[in-house]
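**Student:** Next come a sequence and a model predicted from it.
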Amino acid sequence: MMHDACYMMLNTYHVPVLLEEIIQLLAPKPGDNAIDCTLGGGGHSLALLKRISPKGKLLAIDADPAAIQEASLRLAGEGVLGQAILVNDNFVNINEIVNKTSFKPVQVILLDLGLSSYQLDTAKRGFSFWGEEPLNMQFSGGGGGTTAWEVVNNYPKQKLKEILAVNADIGKPGDIAHRIVRSRGEQSIKTTSMLVEAILGAPLSEGSGADQFSRNLPPLQRKLLTKVFQAIRIEVNRELQNLRQVLPQLLEILSVNGRLAVISYHSGEDRIVKHFFRAAAKSCICPKESPICRCTNQAKIRILTKKAIKPQVKEISANSRARSAILRVIEKLS
């Protein structure tokens with residue numbers, strides 16, 4: 001009974017983003033080996049497994065132990081768990097994971113940098129400003145490392161301003177940082193609702209729950225809250241640093257003619273991915289002023305998405321959390 005309940009919960013909460021486009025561009029075939037660097041609710045993994053069956057294998061990684069547990073139930077319910085290796089770790093350790101599991105060759109890799117709907121709705125770690133939750137925001141759930149509480153209550157104002165600007169492109173990060181510092185000077189900011197109050201500079205109306213208060217906010221304020229929570233989460237989990245570290249590792253692991261897809265959710269992430277792909281696709285790295293190419297450099301990849309792919313209106317209507325997704329896909333040449 002518990003198995004069925006968990007499976008239904010995942011089915012309800014997790015909607016894989018840009019699924020059709022990913023499958024079309026990654027083109028997984030029967031017998032391929034695939035890596036899903038961010039398992040989440042298992043939607044993308046399940047789609048990959050169905051296409052690489054019956055002999056293909058999937059390595060799925062997630063820093064959240066709850067994601068591993070719940071997604072394993074989903075894959076078991078679909079009869080494909082036996083083809084999967086599920087690892088509770090951060091994707092930044094991909095080289096070590098691949099070596100430990102002897103998972104090679106690899107023809108398909110997916111890196112989806114977003115949170116799953118399951119994590120946002122049920123993790124109770126403060127990822128979302130809907131409801132009342134403790135300020136944690138760690139993908140792993142705890143056990144060392146920086147928490148959102150530490151970022152909000154201990155970071156100097158200038159440092160807060162920097163992460164709000166870099167991690168979420170907030171227009172006036174200094175104003176938000178000032179409000180947070182002012183609020184924590186009065187009392188420690190312990191919960192999501194207290195952080196909402198600090199960001200907006202307005203107390204929750206008495207008798208209204210945090211969830212009701214948030215849903216009554218105008219769109220611009222909801223957008224601001226989304227960006228601030230995102231910026232703090234990215235800082236807590238070192239997401240931009242980990243992205244920079246993992247991209248070269250993924251390219252090294254990928255077999256020649258293999259394909260890599262990355263889904264990012266804001267300009268900071270996408271900028272890192274775009275610049276890395278462009279550099280790897282260059283066949284010449286001579287100085288611009290050099291009239292003749294004298295280098296021996298060869299392009300390592302071919303970019304399959306000359307223009308980044310974004311969700312269609314139909315998908316956004318069905319899943320509003322897909323609206324900021326940006327997909328880029330490459331094929332390894334050498």
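**Tutor:** Nice, I can see it. These numbers come from a predicted model, not from an experiment.

**Student:** Helix, strand, or coil at residue 61?
**Tutor:** Taken by DSSP: H, G, I helix; E, B strand; the rest coil, the conformation at residue 61 corresponds to strand.

**Student:** So for the helix ranked longest in the chain, mean pLDDT?
**Tutor:** Identified as the longest helix of the chain according to DSSP state H is helix 219-236. Helix 219-236 shows a mean pLDDT of 93.

**Student:** Flag every buried residue along that helix.
**Tutor:** By neighbour count, with 16 or more other Cβ atoms under 10 Å as the criterion, the buried positions of helix 219-236 are 224, 225, 227, 228, 229, 230, 231, 232, 233, 234, 235, 236. Placement of C-beta: from N, CA and C, glycine included.

**Student:** could I have it exported to CSV, CA atoms only?
**Tutor:** These are the backbone C-alpha positions of helix 219-236, laid out as CSV (Å, rounded to 0.1, in the frame of the first residue of the first chain):
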residue,chain,number,x,y,z
PRO,A,219,2.8,38.7,-9.7
LEU,A,220,5.8,41.1,-9.4
GLN,A,221,6.2,40.3,-5.7
ARG,A,222,5.9,36.5,-6.3
LYS,A,223,8.5,36.8,-9.0
LEU,A,224,10.9,38.7,-6.6
LEU,A,225,10.4,36.0,-3.9
THR,A,226,11.1,33.3,-6.5
LYS,A,227,14.4,34.9,-7.5
VAL,A,228,15.6,35.6,-3.9
PHE,A,229,14.8,32.0,-2.8
GLN,A,230,16.6,30.7,-6.0
ALA,A,231,19.7,32.9,-5.3
ILE,A,232,20.0,31.6,-1.7
ARG,A,233,19.4,27.9,-2.8
ILE,A,234,22.2,28.3,-5.4
GLU,A,235,24.6,29.6,-2.8
VAL,A,236,23.8,26.9,-0.3
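
**Student:** And the next helix or strand past it?
**Tutor:** As assigned by DSSP states H and E, the chain's next helix or strand after helix 219-236 is helix 239-253.

**Student:** what residues does that next one touch?
**Tutor:** Residues lying outside helix 239-253 but in contact with it, judged by Cβ atoms under 8 Å, 6 or more residues apart in numbering, are 35, 37, 90-92, 94-95, 98, 104, 106, 109, 111, 113, 166-167, 233-234, 260, 262, 268-269, 272-273, 276, 280, 300-301, 332.

**Student:** buried residues in it?
**Tutor:** By neighbour count, with 16+ other Cβ under 10 Å as the criterion, the buried positions of helix 239-253 are 239, 240, 242, 243, 245, 246, 247, 249, 250, 251, 253.

**Student:** do you know how far the fifth one is from residue 83?
**Tutor:** With distances defined as Cβ to Cβ, to the nearest Å, the gap from residue 245 to residue 83 amounts to 28 Å.

**Student:** now do residue 216
**Tutor:** With the distance defined as Cβ to Cβ, residue 216 ends up 46 Å from residue 83.

**Student:** More neighbours: which of these two?
**Tutor:** Remark: of residue 216 and residue 83, residue 83 carries more neighbours, 19 against 11, as counted by other Cβ atoms under 10 Å.

**Student:** which ones are touching the more buried one?
**Tutor:** When the contact criterion is Cβ under 8 Å, 6+ apart, the partners of residue 83 are 49, 52, 53, 54, 56, 57, 58.
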